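**Student:** Turn this into a model:
(2 chains)
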Amino acid sequence: ETGVTQTPRHLVMGMTNKKSLKCEQHLGHNAMYWYKQSAKKPLELMFVYNFKEQTENNSVPSRFSPECPNSSHLFLHLHTLQPEDSALYLCASSQDWGEHYGYTFGSGTRLTVV
Amino acid sequence: QKEVEQDPGPLSVPEGAIVSLNCTYSNSAFQYFMWYRQYSRKGPELLMYTYSSGNKEDGRFTAQVDKSSKYISLFIRDSQPSDSATYLCAMSAGNNNDMRFGAGTRLTVKP
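**Tutor:** Predicted coordinates for the structure are as follows:
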């Protein structure tokens, strides 16, 4: 297991459901990220938190709502999703925001919206 | 034009072959280059990191950067079935929020 843990690993939800994805890092990193990975597409950055403060929101629809209660935990709250939101959602962390030495990723949550 | 282009494959090679994976990019400000390996049902893990142009070798893996051509490569020598994975390139100019990823190339090494 890497230093970044994501739960659940798989999630199937209806378009009217509300669910949350959880991410926890044990690396002492200051920055945490949510990425969306769709088949044959580059990773799409969704949100960035640095020292618990949101620093980036890449025009993500409001049906995705992030929460960062502390530097070790990150949540992604989901509501009224669309089928096109089905994807692998990856959490990542780095020592500092914009760290160019690379990120540590979790194993992701495979989300299916039905 | 996409900032980072990477052929999604799939690429299938026999065990022991030399594998070449490549990415091209358009932003000449990129100077930090990474390769990630992503096994099925796992997240990406950092495999190689290179700064600016040149080569970097780590065991069977060699990362090569040609900034003049805006072209990066990852070579895998004596490929093994355990190398079967999706390989993603990534690059950054060193500024906040400018990390860009390729779409990934799916590699299968057949015994």
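**Student:** Listing request: residues of chain A with sub-threshold pLDDT.
**Tutor:** A:1-2 (pLDDT under 70).
**Student:** Work out for me the element the spatially most central residue of it sits within.
**Tutor:** Geometric centre of chain A, nearest residue: A:Trp34, 2.9 Å, by CA atoms, centre = their mean. Element membership of A:Trp34, judged by DSSP states H and E, is strand A:31-37.
**Student:** do B:Pro8 as well
**Tutor:** Counting by DSSP H and E, B:Pro8 is part of no helix or strand.
**Student:** Could you count how many residues lie near the nearest residue to it once chain neighbours are set aside?
**Tutor:** Take B:Pro8 and drop its neighbours on the chain: the residue closest to it by CB to CB, 6 or more residues apart in numbering or on different chains is A:Lys40, 4.9 Å away. C-beta here means a position set from N, CA and C on the backbone, and glycine is covered the same way. Neighbour count for A:Lys40, taken as other CB atoms under 10 Å in any protein chain shown: 10.
**Student:** and A:Lys40, what does it touch?
**Tutor:** B:8, B:103-104 (CB atoms under 8 Å, 6 or more residues apart in numbering or on different chains).
**Student:** among those, which ones are buried?
**Tutor:** Neighbour-count burial (16 or more other CB atoms under 10 Å in any protein chain shown) applied to these gives B:103-104.
**Student:** ok, the contacts of A:Lys40 vs B:Lys2, which is closest?
**Tutor:** B:Ala103 (8.7 Å; CB to CB).
**Student:** Name the residues of whatever helix or strand B:Arg106 lives in that come out as buried.
**Tutor:** If you go by DSSP H and E, B:Arg106 is part of strand B:105-110. Under the neighbour-count criterion of 16+ other CB under 10 Å, strand B:105-110 has B:105-107, B:109 buried.
**Student:** same check, this time on stretch B:90-99
**Tutor:** So stretch B:90-99, judged by 16+ other CB under 10 Å, has buried residues B:90-92, B:96, B:98-99.
**Student:** Extract the C-alpha trace of that stretch and format it as CSV.
**Tutor:** Extracted as CSV, the C-alpha positions of stretch B:90-99 are listed here (Å, rounded to 0.1, in the frame of the first residue of the first chain):
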residue,chain,number,x,y,z
ALA,B,90,4.3,14.1,-17.1
MET,B,91,6.0,17.4,-17.3
SER,B,92,6.2,20.7,-15.6
ALA,B,93,7.8,24.1,-16.0
GLY,B,94,8.2,24.3,-12.2
ASN,B,95,5.3,26.7,-11.6
ASN,B,96,2.3,26.0,-9.5
ASN,B,97,-0.5,24.0,-11.2
ASP,B,98,1.4,23.5,-14.5
MET,B,99,1.9,19.7,-14.2
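**Student:** can you list contacts of that stretch?
**Tutor:** By CB under 8 Å, 6+ apart, stretch B:90-99 touches A:45, A:48, A:55-56, A:97-98, A:100, A:102-103, B:4, B:23, B:25, B:27, B:29-36, B:72, B:100-102.
**Student:** quick one: average pLDDT of that stretch?
**Tutor:** Average pLDDT, stretch B:90-99: 86.
**Student:** Show the subsequent helix or strand relative to the strand holding A:Trp34.
**Tutor:** strand A:44-50.
**Student:** what does that next one contact?
**Tutor:** A:30-38, A:54-58, A:60, A:64, A:66, A:68, A:74, A:76, A:96-97, B:97, B:99.
**Student:** ChimeraX command for the buried members of these?
**Tutor:** Here is the ChimeraX selection string for the buried members of the contacts of strand A:44-50, based on 16+ other CB under 10 Å:
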select /A:30,31,32,33,34,35,36,37,56,60,64,66,68,74,76,97 /B:99
